[in-house]
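Generate a structure from the sequence data that follows.
(chains A and B)
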Amino acid sequence: MVSINIQNLEKHYGKVKALHGLNLEIDDGEFIVLVGPSGCGKSTLLRCVAGLNPISGGDILFDGTPVGHLPPQERDLSMVFQNYALYPHLTVAQNLAFGLKVRKTPAEEIEKRVKWAADILAITPYLDRRPRALSGGQRQRVAMGRAMVKHSNAFLFDEPLSNLDAQLRVQMRKEIRALQQRIGVTSIYVTHDQVEAMTMGDRIVVMKDGRIEQVGTPSELYTAPQTRFVAGFIGSPQMSFVTAQADGHRMRLSDGTFLTSATAAQGPVTLGIRPEHFLDNASEANRLTLDVTNQQVVGTSTSYFATLGDGEIEVIRQGSDTERPATLALGIRPEHIMVFDKDDHRIAA
Amino acid sequence: MTASVQDTRTDRLIRFGFLAAMLVFFALPIVYLFSTSFKTPDDVLQGRLLPEAATLKNYPNAFAHVPVLRMIWNSVAVALLSGAITLVIAVPATYATIKLGAFRRTVPNITLASYAAPPIIALIPLFYLLQTAQLMDSIPGLALVHGLMNLPVAFWLLKSFISDIPAEIDEAAWIDGAGYWHTLFAVILPLIFPGILATALICIILSYNEFLFASALTFSEASRTITVGMSLFQGERLVNFGQMAAASFTGMVPIYLIAFLFQKHLVGGLTQGSIK
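Sure thing, here's the model as predicted:
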C-alpha cells in the first residue's frame, strides 16, 4: 500500500489536451473517487496512474518514488476493469492465480491466497468454472479477487459496476467499500455516477474538461461546492439554478420575486437551491408560491417541477402525492440559497 | 397454409437447383481430371468426359516419368515449413502492430501494397539472395520465400482475430505483471488459436499451389515441388495429358485432405470479421 502523489500531470493526444497539469495527493489506504461527466479525463487519469497511458508531462509518485516512466508491469498495481477483462480461456482459480504466477510466487502461497480471496468473495464453488459460465455479479467478484490476491500497491477501479443491474450495483458498492476497508489498500475509483461517488469515497475528485474542479469529502462537496458545476453534479436530484440581480443579501429574480440569501453579492449572479432544501413551512424568511408544471412520484418521495424566475426548479417532498397540486407554498432558508458569480464560482457566505 | 407449403417447396427446389449447378461447376474440372487420368492418348484427343477404354497405365507411367511422390513430399515439406515461418513472423508482428501500435499506420498499407505487386518483380532479387545465402534449389530456401511471400495474407487474416480481443484483456495481463511476449503467449495465443490454425491452413495451401518461385528457384529432384512436376509432362511436341492428369490428381490429394479435415477452421478464418 502506498500514498500516490500526482504532480502537474499532463496528457496530450496530438494537439488535444486531455489532462491539464493535475495535482492530487492520495493518502495511504485512502479510497478516492474520480467523478465527472463523459470525456472529463477521469479514466485517462486512472490509466496514466496504471501506466496504460504514457504521460505527456509532470509525474506520478508512489510513496515519494517517481513511477511516471515505468510500464504497467513494474508499478505493482491491481485494476478492475469495466468489462472485468477476465481471461476467457482460464478457470476462475487460474484467473486469480495468473498475476501471482507471473511474479513466480511459490505454489503453496498462490493456493493460500486464491483460497483466501475466494472465501471472502464467496466464489469458492466457481473456482473450476470458466468466466463465460458466471453471472455478471460473479465475474465482478472474480475481477475483485484477481486484484486482491496480489497484495499490490493500490487498487484501480475503472467504472467496475456500470455493467451490472441497479440492485446488484448497490450491493457490490457496499461489498467493494467493505473489502477496501478490510484490506486497507489505497484505491482510486472512477465513476460517472455521483451517487456511487458519494456513498463510496473517503474523498471525491470532481473533474471537468481535463481539470480538477474540486477535491473534498462527500459532505464538503455537498455543503460547500466551489463551483456551479460541482454544485450541479453532486447531489441527487440535481441542484436547481435561477439567475438573479444581487444587492447585498437581497436577490431579485427576473419575475420580480425577491429572495434573501445568507450570502451577500452585487450584480448578476446565479442562485442554486437543492430540491430537498425547500420546506413546507412557509414561515421561513423566503416564502414562495410556485405554479407546479410537472410532478414525478418516486416511491416514498415526490418531485415537483415549477417555474421560478427564468429557470425550472425541482422540489422534493416526502410522501407519494398522486394528485398534482396547482401551486405549492414553500419556504427556503437564506443559508440554503447558494450564490455563484458570473464565472460560476460560489461566493462564500 | 397450402400456399406457404408450396412456397417452401418451390424455395427448396430453387435452392437445390442452384446448389446442384454450383456443385457441377466446381466439381466438373476435378471429375474431368479424374476421368482423364484413366484415358489413353486417343481418348484424350476425342475430348469425351468418360474414357472409351479405361486404362490404369497412366499412374505407373506418370510415376516412372516424373518422381511424383518425391515432389509431393517436397511440396508438403515446403508448405509446412513455409507455414511455420509465416506464423512465427506474422503472429508477433500482427500483435505488435494491432495491439501495441507499432507502425500501425504503415504496416497494413505496406503489406497490402507488397501483396498487390506482381510477384515476378521479386524473382531476380530473390534468386541472388538465395544464391548468396546458399539456399538455392533447396526446400528451406523455397520455404523461406513462400513464408515471406505469404506474410501479407497472414497479417490480414490474423489482424481481424487479434483486433477482436478486447484491449482490456491485454491490459489486465500487463497490470498483472506479464511482459508483452508473456501476454502474447499466455493470453492472446490461446484466444486466437482457431485464427492461427485457419491462417496456417491458408498459407500452407497457397504455398503448396505456388508455381512461379518454385519453378525458378528449384531445379533438382531433391527440391522440386509437384506444381513444377506437372509442367514436366509437357513434351516438346505433345503433352501427355493422361499421365499429367494422373500426377495432378495424386498431387491434389494431400491438400484436399487438409482442406477437408480442417474445413470448419478454414471457413471460420475466411469469414472472420465479416459478421459481428
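
Enumerate the helices of the stretch 151-300 of chain A by residue range, in sequence order.
Here the stretch 151-300 of chain A has its helices, by DSSP state H, counting those that start in this stretch, at A:166-183, A:194-200, A:218-223, A:228-233.

Can you tell me, leaving aside adjacent residues, what's nearest to residue B:249?
Residue nearest to residue B:249 in three dimensions, not counting chain neighbours: residue B:37, with 5.1 Å by C-beta to C-beta, 6 or more residues apart in numbering or on different chains. From N, CA and C alone the C-beta is placed, and that goes for glycine too.

so that neighbour sits right up against residue B:58, yeah?
Yes. Under the criterion of C-beta atoms under 8 Å, residue B:37 makes contact with residue B:58 at 5.4 Å.

Give me the common contacts of these two.
B:242, B:245, B:246 (C-beta atoms under 8 Å, 6 or more residues apart in numbering or on different chains).

Can you tell me which of these has the most neighbours?
Ranked by neighbour count (other C-beta atoms under 10 Å in any protein chain shown), these have residue B:246 at the top, with 28 neighbours.

And for residue 104, the neighbour number?
Since you didn't name a chain, this refers to chain A. Residue A:104 has 8 nearby residues by other C-beta under 10 Å.

meant chain B, my bad for not saying
Residues near residue B:104, counting by other C-beta under 10 Å: 12.

which residues does the residue of the stretch 151-300 of chain A found nearest chain B contact?
The stretch 151-300 of chain A approaches chain B most closely through residue A:156 (8.0 Å), counting by C-beta to the nearest C-beta. By C-beta under 8 Å, 6+ apart, residue A:156 lies in contact with A:46, A:49, A:50, A:77, A:78, A:79, A:80, A:187, A:188, A:190.

so which of those residues comes closest to chain B?
residue A:79 (4.6 Å).

Could you verify my assumption that that closest one touches residue A:154?
No. Assessed by C-beta under 8 Å, residue A:79 is found out of contact with residue A:154, at 9.3 Å.

out of these two, which sits in the busier spot?
residue A:79 (29 against 26).

how far away is that one from residue A:223?
From residue A:79 across to residue A:223, the span is 33 Å (C-beta to C-beta, to the nearest Å).

How about residue A:265?
Distance of residue A:265 to residue A:223, given as C-beta to C-beta: 19 Å.

Pass me the low-pLDDT residue ranges in chain A, would you?
Where chain A drops to pLDDT under 70, the residues are A:281-284.

and residue A:207, what does it touch?
A:34, A:35, A:36, A:40, A:41, A:42, A:45, A:213.

ranges for the strands of the stretch 51-200 of chain A?
Here the stretch 51-200 of chain A has its strands, by DSSP state E, counting those that start in this stretch, at A:57-62, A:65-66, A:78-80, A:154-158, A:186-191.

show me the contacts for the closest residue in space to residue A:211 that isn't next to it in sequence.
Closest residue in space to residue A:211, ignoring its immediate chain neighbours: residue A:20 at 5.2 Å, by C-beta to C-beta, 6+ apart. By C-beta under 8 Å, 6+ apart, the contact list for residue A:20 reads A:10, A:209, A:210, A:211.

could I get whatever helix or strand residue A:20 lives in in PDB with only the CA atoms?
Taking DSSP states H and E as the definition, residue A:20 sits inside strand A:16-26. Coordinates of each C-alpha in strand A:16-26 appear next as PDB, following Å, rounded to 0.1, in the frame of the first residue of the first chain:
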ATOM      1  CA  VAL A  16      -5.700  17.700 -27.900                       C
ATOM      2  CA  LYS A  17      -5.000  18.200 -24.200                       C
ATOM      3  CA  ALA A  18      -6.800  15.500 -22.200                       C
ATOM      4  CA  LEU A  19      -5.300  16.400 -18.800                       C
ATOM      5  CA  HIS A  20      -4.200  19.900 -17.900                       C
ATOM      6  CA  GLY A  21      -1.500  19.800 -15.200                       C
ATOM      7  CA  LEU A  22      -3.300  17.900 -12.500                       C
ATOM      8  CA  ASN A  23      -2.100  17.900  -8.900                       C
ATOM      9  CA  LEU A  24      -3.600  15.400  -6.400                       C
ATOM     10  CA  GLU A  25      -2.300  13.800  -3.200                       C
ATOM     11  CA  ILE A  26      -3.900  10.400  -2.200                       C
END
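
got the contact list for residue B:220?
residue B:137.

Likewise for the one 10 residues further on?
When contacts are counted by C-beta under 8 Å, 6+ apart, residue B:230 is found next to B:244, B:247, B:248, B:251.

at 6 Å what do you get?
residue B:248 (C-beta atoms under 6 Å, 6 or more residues apart in numbering or on different chains).
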